[in-house]
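Colleague: Quick one: sequence and predicted model below, then my questions.
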Amino acid sequence: MDIFISVMPRFDDTNPEAEKKEYIDHIQEIVHWLGWEPYKVTYTSDYFQALYEHAVELLRKGLAYVDHQTAEQIRKDRETNTDSPWRDRPIEESLQLCEDMRRGLIAEGAATLRMKQDMQNDTRNMYDLIAYRIKFTPHPHAGDKWCIYPSYDYAHCMVDSLENITHSLCTLEFDVRRPSYYWVLVALGLYQPYVWEYSRLNISHNIMSKRKLNRLVTEKWVDGWDDPRLLTLAGLRRRGVSAAAINSFIRGMGITRSVNSLIPVDRLEYHIREELNKTASRAMVVLHPLKVPFSRTVYIEKTDFRLEDSKDYYGLAPGKSALLSYAFPIKCTEVIHGDNPDEIVEIRAEYDPSKTSKPKGVLHWVAEPAPGVEPLKVEIRLFEKLFLSENPAGLEDKEPEGTAWLRDLNPHSKEVVKGAYAVPSLATAVVGDKFQFERLGYFAVDTDSTPEELVFNRTVTLRDSYGKGPR
RNA sequence: GGUUUCGUAGUGUAGUGGUUAGCACUCCAGACUUUGAAUCUGGCGACCUGGGUUCGAAUCCCUGCGAGACCUCCA
């Protein structure tokens, strides 16, 4: 038996000051990129008229009133369970004032519409919550038709009901809002959906909170919402993570109310590797080239050579052989130092015919395309974990500004390698192309690439078992 | 302080009165290997604590301990 579910995401655009068209457009585009097509996308602002009519009905039932207290006065009264002095004003008076609010005849801050819930309730979330506030701000979606706007607590439940959904899904912090959610629906005799809360996805060594992300971006700690170090969908996409990997990652997790879950980033990396292993073309790139003049000059990785050999080391050393991948074995015969004896500018090597089977060290390499012609030069961007500790959001905060997590940022989370060499086949790579650079990891073409120079982001490293020694 | 939510292998979870407590990642071992990658085979590892109900409890009830959330004219 198959179960079919339709999902209707809604933009809760009740605050015109906080809504931005570019965010809305981006969210819709990135959800589409992820491969999900909602059954319908709606806006709370589509229901502004109905919401207002229901507010009038609440007033007629004597279940709402226009209040003139300041936010501070309201807060104080809530602390002492005290009714507003305007709570029991005549219905006709509140009706008239509500209409005046709607027509823009009352100044911002001079009145609110509050629901007559229960100032003596067990939970503060029932203390005559505000249903409407005055804001002389046009709405990005609804235009300038309104100067009063509904609150989350008034609008959310009602639009759920008006849309006739079965289940309303939201994150855990809304759990304590349930009493108010159902109070509104019961008061108006409207259909009541189920409400299910679930905990937010947290991934180690990073942050997922919108508030913190916003801060990282606006304060320029990162390079924007699509910085490849971020776990935003835009960031992951730019980094080279595919939608399939993300969906696979999400699919493997439970949806619970567990409050402290923290998924190790390893797990995301596992899914990214799994996907790219299947889909990425293989190519060879040398990040830090070491010159090996030969019949044709080749470049190997600096780290694939060292002066001292040892049993568990498979690369080149003086007098030692290794295999050039897809080519032939070579033996290092001479080391050429620079002015500084610690600096090695090139090594001399020769074909080694004795190395015929079971090579231990297989090295990637890039050759000059023609004698004396430099190989294709590319820029490589390497990323490490954005934060040093596992759960930066959970760091003890003793500062008023709450900056402990910012101080946990990894100063080495991004490294730019300028002088890498790539095989000629990569010259035609375009944004969207992904590769495994053999022995190095998975890489994707970045949007910063130009006709003169390609830029590759490292999406994820290969698994590294070097420290475990030879098998 | 009030209200409220959560607690199953290292990590994330499945389980809703009767299982050898399942899955995945991590970890360990072996095999294979022209990527110390990939692949294949095997393994280690858990029901926060105490009490109660019951023939029988991870599952129901209570106490304790621990960890969160909410308390904005933000959502």
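Modeller: Happy to help now that I have it. What you see is a predicted model; the values in this text were computed from it and never measured.
Colleague: what does the stretch 201-350 of chain A put close to RNA strand B?
Modeller: Residues of the stretch 201-350 of chain A lying close to RNA strand B by C-beta under 7 Å from any atom of the strand are A:252-264, A:266-267, A:270, A:273-274, A:277, A:282, A:312-315, A:323, A:325-327. Every C-beta, even on glycine, is put in place using the N, C-alpha and C of the backbone.
Colleague: Counting only helices, which of the residues you listed make the cut?
Modeller: Using DSSP state H, the subset of these located in helices is A:266-267, A:270, A:273-274, A:277.
Colleague: Name the residues that touch stretch A:38-46?
Modeller: A:6-14, A:28, A:31, A:51, A:139, A:141-142, A:150, A:155-156, A:159, A:163 (C-beta atoms under 8 Å, 6 or more residues apart in numbering).
Colleague: Retrieve the pLDDT associated with the closest residue to RNA strand B within the stretch 151-300 of chain A.
Modeller: Of all residues in the stretch 151-300 of chain A, A:G254 sits closest to RNA strand B, at 2.3 Å by C-beta to the nearest atom of the strand. At A:G254, the pLDDT value in this model is 85.
Colleague: ok, now the one 4 residues further on?
Modeller: pLDDT, the model's per-residue confidence, is 90 for A:S258.
Colleague: Run the chain-centre distance for stretch A:169-182.
Modeller: In terms of C-alpha atoms, centre = their mean, to the nearest Å, the centre of stretch A:169-182 is set 24 Å apart from its chain centre.
Colleague: Over to stretch A:341-355?
Modeller: 45 Å.
Colleague: Enumerate the positions of that stretch that are buried.
Modeller: A:344, A:346-349, A:352, A:355 (16 or more other C-beta atoms under 10 Å).
Colleague: Can you name the residues bridging to A:I330?
Modeller: With DSSP bridges as the criterion, A:I330 is bridged to A:A322, A:Y351.
Colleague: That one against A:I347, yeah?
Modeller: No: A:I330 lies out of contact with A:I347 (C-beta atoms under 8 Å); the separation is 9.6 Å.
Colleague: intersection of neighbour lists for those two?
Modeller: With C-beta under 8 Å, 6+ apart as the test, A:I330 and A:I347 both reach A:292, A:316.
Colleague: Could you list the low-pLDDT ranges of the stretch 301-450 of chain A?
Modeller: In the predicted model of the stretch 301-450 of chain A, residues A:356-357, A:397-402 satisfy pLDDT under 70.
Colleague: All the strands of it, residue numbers only.
Modeller: Along the stretch 301-450 of chain A, the stretches classed as strands by DSSP state E, counting those that start in this stretch are A:321-324, A:329-337, A:344-351, A:362-363, A:365-367, A:376-383, A:414-422, A:434-437, A:441-445.
Colleague: Please produce JSON lines containing those, extended by distance to A:L172.
Modeller: Formatted as JSON lines, those follow (distance: least, C-beta to C-beta, whole Å):
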{"stretch": "strand A:321-324", "distance to A:L172": "55"}
{"stretch": "strand A:329-337", "distance to A:L172": "60"}
{"stretch": "strand A:344-351", "distance to A:L172": "57"}
{"stretch": "strand A:362-363", "distance to A:L172": "50"}
{"stretch": "strand A:365-367", "distance to A:L172": "51"}
{"stretch": "strand A:376-383", "distance to A:L172": "30"}
{"stretch": "strand A:414-422", "distance to A:L172": "33"}
{"stretch": "strand A:434-437", "distance to A:L172": "36"}
{"stretch": "strand A:441-445", "distance to A:L172": "34"}
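Colleague: right, so those strands: which one is the most enclosed?
Modeller: Mean neighbour counts were taken over the strands of the stretch 301-450 of chain A using mean count of other C-beta atoms under 10 Å, and the top value, a mean of 24, falls to strand A:441-445.
Colleague: so how many other residues sit close to the residue of the stretch 1-150 of chain A found nearest RNA strand B?
Modeller: Relative to RNA strand B, the nearest point of the stretch 1-150 of chain A is A:D12 (2.7 Å; C-beta to the nearest atom of the strand). Neighbours of A:D12 under the rule other C-beta atoms under 10 Å: 17.
Colleague: That one contacts A:M158, correct?
Modeller: No: using C-beta under 8 Å, A:D12 makes no contact with A:M158, being 11.8 Å away.
Colleague: What is the neighbour count of the nearest residue to A:Y127 once chain neighbours are set aside?
Modeller: The shortest distance from A:Y127 to any residue other than its chain neighbours is 4.7 Å, reached at A:R78 (C-beta to C-beta, 6 or more residues apart in numbering). Residues contacting A:R78 under the criterion other C-beta under 10 Å number 15.
Colleague: Please see if the helix or strand in which A:R78 is found touches RNA strand B.
Modeller: Element membership for A:R78, per DSSP states H and E: helix A:71-79. Yes: interface with RNA strand B: helix A:71-79 contributes A:71, A:74-75, A:78 (C-beta under 7 Å from any atom of the strand).
Colleague: Can you select the buried ones among those for me in PyMOL?
Modeller: Command for PyMOL that selects the buried part of those, burial taken from 16+ other C-beta under 10 Å:
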select buried, chain A and resi 74
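Colleague: Mind putting the residues of helix A:71-79 next to RNA strand B into CSV with pLDDT and distance to A:L190?
Modeller: Below are the residues of helix A:71-79 next to RNA strand B laid out as CSV (pLDDT from 0 to 100; distance: C-beta to C-beta, whole Å):
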residue, pLDDT, distance to A:L190
A:A71, 95, 29
A:I74, 96, 26
A:R75, 94, 29
A:R78, 95, 26
